[in-house]
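# next come a sequence and a model predicted from it.
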4 protein chains.
Amino acid sequence: MANVAFIGLGNMGGPMAANLVKAGHSVTVFDLVEAAMDAVVAQGAKKSSSALEALASADTVITMLPAGKHVAGLYLGDEGLIAKANPGTVFLDCSTIDADTARKVGAAAAERGLEMLDSPVSGGVKAAQAGTLAFMCGGTAAGFEKGKLVLEGMGKNIFHAGDHGAGQIAKICNNMLLAIHMVGTAEALQLGANNGLDPKVLSEIMLKSSGRNWSLEVYNPYPGVMETAPASNDYKPGFMVQLMLKDLGLAMENSLSTQSSVPMGALARSLYASFSAKGNATRDFSAILEMFQGE
Amino acid sequence: MANVAFIGLGNMGGPMAANLVKAGHSVTVFDLVEAAMDAVVAQGAKKSSSALEALASADTVITMLPAGKHVAGLYLGDEGLIAKANPGTVFLDCSTIDADTARKVGAAAAERGLEMLDSPVSGGVKAAQAGTLAFMCGGTAAGFEKGKLVLEGMGKNIFHAGDHGAGQIAKICNNMLLAIHMVGTAEALQLGANNGLDPKVLSEIMLKSSGRNWSLEVYNPYPGVMETAPASNDYKPGFMVQLMLKDLGLAMENSLSTQSSVPMGALARSLYASFSAKGNATRDFSAILEMFQGE
Amino acid sequence: MANVAFIGLGNMGGPMAANLVKAGHSVTVFDLVEAAMDAVVAQGAKKSSSALEALASADTVITMLPAGKHVAGLYLGDEGLIAKANPGTVFLDCSTIDADTARKVGAAAAERGLEMLDSPVSGGVKAAQAGTLAFMCGGTAAGFEKGKLVLEGMGKNIFHAGDHGAGQIAKICNNMLLAIHMVGTAEALQLGANNGLDPKVLSEIMLKSSGRNWSLEVYNPYPGVMETAPASNDYKPGFMVQLMLKDLGLAMENSLSTQSSVPMGALARSLYASFSAKGNATRDFSAILEMFQGE
Amino acid sequence: MANVAFIGLGNMGGPMAANLVKAGHSVTVFDLVEAAMDAVVAQGAKKSSSALEALASADTVITMLPAGKHVAGLYLGDEGLIAKANPGTVFLDCSTIDADTARKVGAAAAERGLEMLDSPVSGGVKAAQAGTLAFMCGGTAAGFEKGKLVLEGMGKNIFHAGDHGAGQIAKICNNMLLAIHMVGTAEALQLGANNGLDPKVLSEIMLKSSGRNWSLEVYNPYPGVMETAPASNDYKPGFMVQLMLKDLGLAMENSLSTQSSVPMGALARSLYASFSAKGNATRDFSAILEMFQGE
């Protein structure tokens, strides 16, 4: 079992840390919000007064932070986690951030001879609580073997996507594709409905045909087709529009730096940006169907 | 067993008629191309000298024609199939045509008390030969029950999408969605490749994640990822760009008449139109990936 | 001066016919709505009880109808205008319709040795009243020279675009381009505003730079920038969203039949379709700016 | 007359500096490429051995650099231009860079009490040589009045767009709009040509109608329509595809940070990215028309 320092206990980080405790790891936590720490401590974690204090006794460090600048700020520099870590420490940054920062921080760790994985998660708060997250990891094969042992305490599918940054790339590629087929599914179902077809019947047909995709299978955006989907629950999230917009933003940012052409992804981002700005930021991302409906 | 008149023996119609013979139906065929008839006659069908001659002894009529104008021309008018059919005849139009024509012809049949199904197919030449086509049907429930018995001789999945025209709508909705996730999958895989990821690894990750879709599962557009896919065979079709362009055209036409908003579908059509015009019309539709690659 | 039969006296046709009277032509009108005729008769036109009656004494026929099917219905067939017209009659169809119908009707007139121009108008109700419409004409050079003499009574710019149908094509190309730069101008101005720039200042800069276009020059979509523009008058039309949507529909229809790639035009149409369905059909088309604004 | 330090003598910077000499200013230049300096020195400028040496005697500093990181690197820090400048120095950064960097550098200058304008140019190499560039400036009103006196030596239209960064924003808004109407104009002209219209006639009609825009007026993308346009000269630039792609990248980057929806701009960028990757990076940006043509 590992000695884990877990930094960043938000909606996702809190239940993830708690699952590590349940899995038998020794977990020391840090967050700027005291109450966030208390909740995990109540389940068996140890509290610390700073990230560096948590780091001191750890062989594995997990971070779950909002954006690249926070990750760079915490890991880099003379007082950063990398400079201060014990030899042999493994870093697992589970934040969803830009690939460039992930590569930079991963390279800095490698320079000190430390393994680091960018390992963004897929699955949302429910999966974090249930311990069924997916992790898409970037780093060395050796680092992946080590990190996997700990990540397994929080999730089911642990993928090795490639070198430093590849975890972030895999996530943005996946989520861009998700956005595209969600919007496409919404368009197709509404086109059918505008012609008098029953969206439930049309969904069943397309599910058994070449239109099949994850949105149709487990997350149907048309209200009433799938009882458990956010669409049948007033589009209560689920996965919020603003989070999809963030991920599409990371995908676009990467497409700019690699001069990639992503016309569908770019269109999806602008549609979500328009939809988000009209008061829909905190609704489920499948609500984009409403863009194609009449009043 | 049914007495079937089968009209239109192209790449699809030929093997479909042959499968009906094998299934034990009595099949009389007609096509303007003599050789096309001979091929099916060699497998046990009877030849006729005109569509009306084939119609004379039939209780079931199947048509497989290029476009709405051919269907209207054959079925409607004083000398059309509907006017000349025996009472109780069931019409199965397997052509992929515009929904408006399908509705018009279906209504004309209903006026004479005849059942008619627009029942476009999904699956391509291989599925036509193997008898594993999917049929998306529009018509009455009673008509569907009757027609299904014959369609089962040519395919596996027989869907009842709704009233007259609903089969055509289901097909264009499905194929529009297929085009969208094919282009999206191509964009996502190329974005990953531009970042140094192995498209095979990225495909495996997305297949187990929310990016999952039919294109990724059975028709990966990146060369070398899936041995049996057209992408690994120089994009030899498969499903040709020009056929996808035709289906997207039908979807757009319908979006115009129903004033539907289909931004992703419309973008997919223009990308395919641009790609097709550059000498790619007869290549497999997954070759669209090349639009996102460098030279 | 010509003996004109004018058929179709809607918002546009009414003032157009009245201007012909003022220009000194002898004008006989017909419309299904009695009151529409009365209004023009009050200004000096003669009333007739049917299109054919109006035709009887005419050397020039002008029609202003909603769609291709009305034009085909009126002109073609044994009882149509073409069959019944006096030798030497010139037809001017000012309706905005699909090019295919325009070509078909033009060809039918030619077969009887009659000149016909598809001559859709540009400019709206105000220009119809002021006699400052633009006409984009398709037909022979000889027909154009004859028709122009009458069209000059209703407008200022009379263009000869090419053969039968070319007038309609010129109009849909122009209006598709108008939609594209209107949406683009809206995006650009809102992007500037989101960065704190004054839309008026930004408009002035772009007007003197390479972003310059008609929307910026005479129809600025940002409220308050241009006093006389619909944007500064609650987006009261002007040119209604639903009319732009109709024209974009005609452009898309033509792009399908010519297998043309029009990604920007297709995206503009779907954006307008989405916007129109949200209760904006009768507002001015420059209101599309709201799609890019927050609440 | 001013004592100008001019740093960055590329294709644009070289002729700009030479024009300042002609205008009577005293100009000291610096560039890493010796030959670039020699060319301007031959026209009357003084050479210096470093940016700081050039700065020493200057009251006005002009920089023309490739990207934000070069600007930040040169201006900021203890050894940067801002720290080392004489009191009263005016900075004119004519580079086209991201607005965030422009704001940051502008703020740093303001902190030392110095005026700074981000003043990106519009117009290309020919305008740089002819002294007819346009400048879009961001900074204080006082700074603008001072900077304008020097900028007038290099260009004709000098605009004050707003505060620090506003010059960059005005430029990306303008160039995004330019890309949109260039692609739109190409689509519209090709749609017309696909219908048999003469692109020259269609261009003339749209120029006098609501489709009018800068691309149609002075830069027609259809070969043969406008003798002096790059389209009639094998698309020899002019303004290269890769430069338009860079500007669209800056516009997209800004749309991400401001959460702006720019569907047309985003689509234009992906079309240009796709086109550029196919060996067209150094051709004129109006060559995008070829994307809509057959072989």
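Done, it's in.
# tell me where the longest helix sits in chain A.
When chain A is parsed with DSSP state H, its longest helix is helix A:166-194.
# check which element follows that helix along the chain.
helix A:199-207 (DSSP states H and E).
# mind giving me the domain split of chain A?
The record's domain parsing of chain A by automatic domain parsing lists A:3-163, A:169-292.
# among the ones you listed, which is the most enclosed?
Among the domains of chain A, domain A:169-292 has the highest mean neighbour count (mean count of other Cβ atoms under 10 Å in any protein chain shown), at a mean of 23. The way it works is simple: take the backbone N, C-alpha and C, and place the C-beta from them, glycine included.
# re the thing from before, and of the domains of chain A, who's closest to residue D:104?
Residue D:104 sits nearest to domain A:3-163 of all the domains of chain A, at 14.0 Å, using Cβ to Cβ.
# now the end-to-end length of that closest one.
One end of domain A:3-163 sits 25 Å from the other (Cα to Cα, to the nearest Å).
# that one and chain B, are they touching?
Yes - using Cβ under 8 Å from any Cβ of the partner chain, domain A:3-163 reaches chain B at A:99, A:122, A:134, A:136, A:157, A:159, A:160, A:161, A:162, A:163.
# of those residues, which one scores lowest on pLDDT?
Of all the residues of domain A:3-163 next to chain B, residue A:122 has the smallest pLDDT value, namely 90.
# contacts only, for that residue.
If you count contacts by Cβ atoms under 8 Å, 6 or more residues apart in numbering or on different chains, residue A:122 has them with A:133, A:134, A:135, A:136, A:171, A:174, A:175, B:209, B:210.
# of the residues you listed, which fall within the contact range of chain C?
When Cβ under 8 Å from any Cβ is applied, no member of these is adjacent to chain C.
# and which of these is nearest residue C:20?
For the contacts of residue A:122, the minimum distance to residue C:20 (Cβ to Cβ) is 61.4 Å, reached by residue A:175.
# how close does the closest one sit to residue D:254?
22 Å (Cβ to Cβ, to the nearest Å).
# one more: residue A:168?
For residue A:168 relative to residue D:254 (Cβ to Cβ), the value is 22 Å.
# where exactly do the strands run in the stretch 1-150 of chain A?
For the stretch 1-150 of chain A, the strands defined by DSSP state E, counting those that start in this stretch occupy A:3-7, A:26-30, A:46-47, A:60-63, A:90-93, A:115-118, A:121-122, A:133-138.
# looking at those strands, which one has the lowest mean pLDDT?
With a mean of 92, strand A:121-122 has the lowest mean pLDDT of the strands of the stretch 1-150 of chain A.
# so how far is that strand from its chain's centroid?
Chain-centre distance of strand A:121-122: 4 Å, with Cα atoms, centre = their mean, to the nearest Å.
# also stretch A:215-225?
Centroid separation for stretch A:215-225 versus its chain: 21 Å, with Cα atoms, centre = their mean.
# quick one: contacts of that stretch?
Outside stretch A:215-225, the residues within contact range by Cβ under 8 Å, 6+ apart are A:178, A:181-182, A:185-186, A:189-190, A:193, A:199-200, A:203, A:206-207, A:226, A:229-232, A:286-289, B:210, B:212.
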